[in-house]
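A.B. asks: I would like to see how this sequence folds:
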Amino acid sequence: MPVNMVAAAETFASKTLKRKIKRREKIAHVEDKEIRLSNGSPLTLRLFSEAGAIGIMRPTEAGELQFNPLVRKRTHRMKADSGLYRWYNDFRLPEHLGGGQITVRLHQNDDDRKRKFNRTENVRPIPPADPDSPRLYGRRNDSESLNRALEDTLFLGRAHSLGWRRQQVEMLGYALMVNSLALFLHRARESLSPAA
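C.D. replies: Residues are numbered from 1 along each chain as shown. Below you'll find the predicted structure:
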C-alpha cells in the first residue's frame with residue numbers, strides 16, 4: 001500500500017525561504033456516487049481528489065469552489081472474483097449530506113481507463129493530510145532501506161529460487177535473519193550502556 005505524496009500540479013521555489021518548495025496541488029474529478037439524504041431523497045455526489053485525499057467541492061462566500069476533504073474511517077480490502085484483493089476506503093459524510101458513509105475504490109477499472117483517468121496517480125489510501133500519515137510515512141525510509149538491502153542480495157536482480165512458495169520461504173528467512181540481527185545488536189548495546 002503506497003504511503004507517499006501525489007505529483008503536484010505545479011511546484012515553485014519560495015522567494016522568502018531558501019530551499020523551500022511550494023506546491024499547487026492538482027484537483028481531479030474521481031467519480032460520482034449516488035447517496036440518500038436524511039430525508040430519503042437521492043443525490044448524486046461528485047467526488048474529487050486533492051493531494052491524494054478524497055473530498056467534495058463546496059462554494060465559498062466569494063463564490064469560488066473550495067475542496068473539503070472527507071474523513072477516512074478505514075482502509076480495507078475485499079476479495080474479487082479473480083481471487084485477487086482490491087483496496088477500498090470508507091469515508092464519513094458530513095451532516096449536511098446525511099452523515100452516513102461511502103466507500104471509494106482505490107484501484108483502476110475499465111471506466112477509469114475509458115475516460116483516461118489514472119486513479120492510482122490521484123488517490124492515496126492514506127494521503128499526507130490524514131492523521132495516520134505522519135506515523136506511517138516516518139517508517140518509509142526504513143522500509144526502503146530494507147528493500148534495498150534485500151535487492152542487493154539478489155545476483156543480477158534475480159531470485160535465488162524458483163516458484164513463489166520457495167521465494168516466500170526465502171523472504172521469510174531473510175526477514176527472520178534481519179530481525180534476529182537487529183535484536184542481537186540491540187541487546188549488545190543494552191549490555192554495554194551501564195558500563196559507559
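A.B. asks: burial count for the residue lying closest to residue 58 once chain neighbours are set aside?
C.D. replies: Distance criterion C-beta to C-beta, 6 or more residues apart in numbering; nearest residue to residue 58, sequence neighbours excluded, is residue 68 at 5.3 Å. For every residue, glycine as well, the C-beta is placed using N, CA and C. For residue 68, the count of nearby residues is 13 (other C-beta atoms under 10 Å).
A.B. asks: list the buried residues for the one helix or strand residue 68 maps to?
C.D. replies: Per DSSP states H and E: residue 68 is located in strand 65-69. Buried residues in strand 65-69, defined by neighbour count with 16 or more other C-beta atoms under 10 Å: residue 69.
A.B. asks: so what does the helix or strand just after that strand touch, helix or strand wise?
C.D. replies: Using DSSP H and E, the helix or strand that follows strand 65-69 in sequence is strand 71-79. Helices and strands touching strand 71-79, by 3 or more C-beta pairs under 8 Å, 6 or more residues apart in numbering; DSSP states H and E, are strand 85-92.
A.B. asks: paired strands for the strand it packs on, with orientation please.
C.D. replies: Strand 85-92 pairs in its sheet with strand 71-79 (antiparallel), strand 101-105 (antiparallel), by DSSP bridges.
A.B. asks: packing partners of the biggest helix by length in the chain?
C.D. replies: The residue-count maximum for a helix in the chain (DSSP state H) belongs to helix 164-192. Packing contacts for helix 164-192, counted by 3+ C-beta pairs under 8 Å, 6+ apart, involve helix 140-153.
A.B. asks: chain center to the helix it packs on: distance?
C.D. replies: 19 Å (C-alpha atoms, centre = their mean, to the nearest Å).
A.B. asks: now do stretch 139-149
C.D. replies: The answer for stretch 139-149 is 17 Å, by C-alpha atoms, centre = their mean.
A.B. asks: using CSV, write down the CA coordinates of it.
C.D. replies: Output of stretch 139-149 as CSV, limited to C-alpha atoms (Å, rounded to 0.1, in the frame of the first residue of the first chain):
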residue,chain,number,x,y,z
ARG,A,139,8.7,4.4,8.5
ARG,A,140,9.1,4.8,4.8
ASN,A,141,12.9,5.3,4.9
ASP,A,142,13.4,2.1,7.0
SER,A,143,11.3,0.0,4.6
GLU,A,144,13.1,1.5,1.6
SER,A,145,16.4,0.7,3.2
LEU,A,146,15.3,-2.9,3.9
ASN,A,147,14.1,-3.4,0.4
ARG,A,148,17.4,-2.1,-1.0
ALA,A,149,19.4,-4.4,1.3
